[in-house]
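> Coordinates for the following, if possible.
(one chain, ligands or ions: 1)
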Amino acid sequence: MRKALVIGNWKMNGRQNANEALLNALTAGYDNKLERVDVALCPPSVYLAQAQSLLQAGSIELGAQNVCADVEGAFTGEVSAGMLAEFGCRWVVIGHSERRSLYGEADAQVAEKAKRVLDAGMTPVVCVGETLDERESGLALQRVQSQLRAVLEEVPVEHLAELVVAYEPVWAIGTGLTATPEQAQEVHRALRDTLAAQQVELDEKVRILYGGSVNAANADALFAQPDIDGGLIGGASLKADDFLAICRAAA
Ligand code: PEP
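Numbering: from 1, shown residues only. I've put the predicted structure just below:
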């Protein structure tokens with residue numbers, strides 16, 4: 001049985017005062033029912049220390065939105081996996097479509113990042129997703145399966161079951177458009193086929209999240225799908241009530 005997982009991606013949003021209010025509201029609203037779900041937040045890395053201290057000893061975990069593909073050295077502006085681990089991160093989002101489209105991240109780089117994250121004892125959350133053009137050309141499954149395979153082929157076999165995958169159709173991220181539960185389920189099933197082809201029973205072990213305009217109103221129907229294990233939440237993770245409602249939908 002795979003435990004549900006909901007991760008909030010704050011993207012480049014937040015200020016210390018607003019973060020404090022949001023983190024306190026999340027902590028106050030966290031209840032026993034949510035123990036059935038792994039819940040994590042990915043603030044901008046400059047706020048990890050603040051979030052770490054405000055979430056101290058609580059049940060909401062920390063993650064990061066990105067990581068450098070190198071271990072250390074002359075990489076101005078980058079943050080390493082070792083640094084993220086020092087601030088209590090358990091999860092690291094890699095290959096988000098905004099990283100791929102705005103910063104030119106290719107599959108090979110995403111695979112390198114996955115290895116750095118695992119080496120530092122954290123869990124990579126590997127994002128895959130097709131563009132609208134790819135979907136309309138009937139290439140959605142092919143696209144996401146090749147993005148996933150690029151990572152699976154590079155990660156040491158003994159670590160494969162630790163991966164988390166996030167299916168995030170590019171056309172649904174931050175647009176208010178959501179994949180229907182059936183569309184999402186079809187892709188999640190195809191991703192499980194790719195996992196199974198890589199290693200026996202890997203499809204049963206790896207959690208696959210859906211992301212793309214998930215909100216308190218549509219979360220129930222998405223999370224009711226058999227192959228959807230939770231969500232990667234952007235905009236709605238900035239509002240405590242909405243984010244908690246989404247987490248409850250996954251419980
Ligand atoms: C995301 O940033 O990963 C995301 C899914 O954003 P949103 O929920 O705002 O579409």
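> so who does the closest residue to the ligand within the chain touch?
Nearest to the ligand in the chain, going by CB to the nearest ligand atom, is G234, at a distance of 2.1 Å. Using the backbone N, CA and C atoms, a C-beta is placed for each residue, glycine as well. Residues counted as contacts of G234 (CB atoms under 8 Å, 6 or more residues apart in numbering) are 9, 11, 173-174, 211, 213.
> would CSV of those with neighbour count, distance to A106 and secondary structure be doable?
What follows is the contacts of G234, written out as CSV (neighbours: other CB atoms under 10 Å; distance: CB to CB, whole Å; DSSP: H, G, I helix; E, B strand; the rest coil):
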residue, neighbour count, distance to A106, secondary structure
N9, 27, 21, strand
K11, 18, 21, coil
I173, 22, 19, coil
G174, 13, 22, coil
G211, 28, 20, strand
S213, 20, 26, coil
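> Could you work out the most separated pair of these?
In terms of CB to CB, those reach their longest pairwise distance at K11 and S213, which sit 13.5 Å apart.
> and the contacts of G234 as CSV, adding pLDDT and distance to Q109?
Putting the contacts of G234 into CSV (pLDDT from 0 to 100; distance: CB to CB, whole Å) gives the following:
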residue, pLDDT, distance to Q109
N9, 98, 19
K11, 98, 20
I173, 93, 19
G174, 88, 22
G211, 97, 20
S213, 94, 26
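> Out of those, which is nearest to M122?
N9 (15.6 Å).
> Report the beta-bridge partners for the closest one.
Counting by DSSP bridges, N9 is bridged to C42.
> Which residue ranges of this structure form helices?
16-29, 48-54, 81-86, 97-103, 107-119, 132-136, 140-152, 181-198, 202-205, 219-223, 240-250 (DSSP state H).
> Tell me which residues of the shortest one come out buried.
By neighbour count with 16 or more other CB atoms under 10 Å, helix 202-205 contains the buried residues 202-203.
> contacting residues around T178?
Contacts of T178 (CB under 8 Å, 6+ apart): 172, 212-215, 218, 222.
> and with 7 Å instead?
172, 212-214, 218 (CB atoms under 7 Å, 6 or more residues apart in numbering).
> returning to that earlier point: intersect the contacts of G234 with the contacts of the ligand.
Near the ligand, judged by CB under 6 Å from any ligand atom, the entries from the contacts of G234 are 9, 11, 173-174, 211, 213.
> Residues of the stretch 151-251 of the chain that sit close to the ligand?
With CB under 6 Å from any ligand atom as the criterion, the stretch 151-251 of the chain meets the ligand at residues 168, 173-174, 211-214, 232-236.
> Which members of those are the farthest-apart pair?
Of all pairs in those, the most separated under CB to CB is E168 and A236 at 13.7 Å.
> between these two, who's got more neighbours?
More crowded of E168 and A236, by other CB atoms under 10 Å: E168, with 29 against 20.
> how far away is the more buried one from D70?
According to CB to CB, to the nearest Å, E168 and D70 sit 25 Å apart.
> Ok, L23 next?
31 Å.
> same check, this time on L54
Counting by CB to CB - L54 and D70 are separated by 30 Å.
> neighbour count winner among these two?
Shown here are L54 and D70; by other CB under 10 Å, L54 has more neighbours (17 against 14).
> pretty sure N9 contacts I94?
No: N9 is beyond contact range of I94, at 11.9 Å (criterion: CB atoms under 7 Å).
> Contacts made by stretch 72-85 with the rest, please.
Applying CB under 7 Å, 6+ apart, the contact partners of stretch 72-85 are 45, 64, 67-68, 71, 92, 116-117, 119-122.
> give me that answer again for 10 Å
45-46, 48, 62-71, 86-87, 89-92, 113, 115-122, 124 (CB atoms under 10 Å, 6 or more residues apart in numbering).
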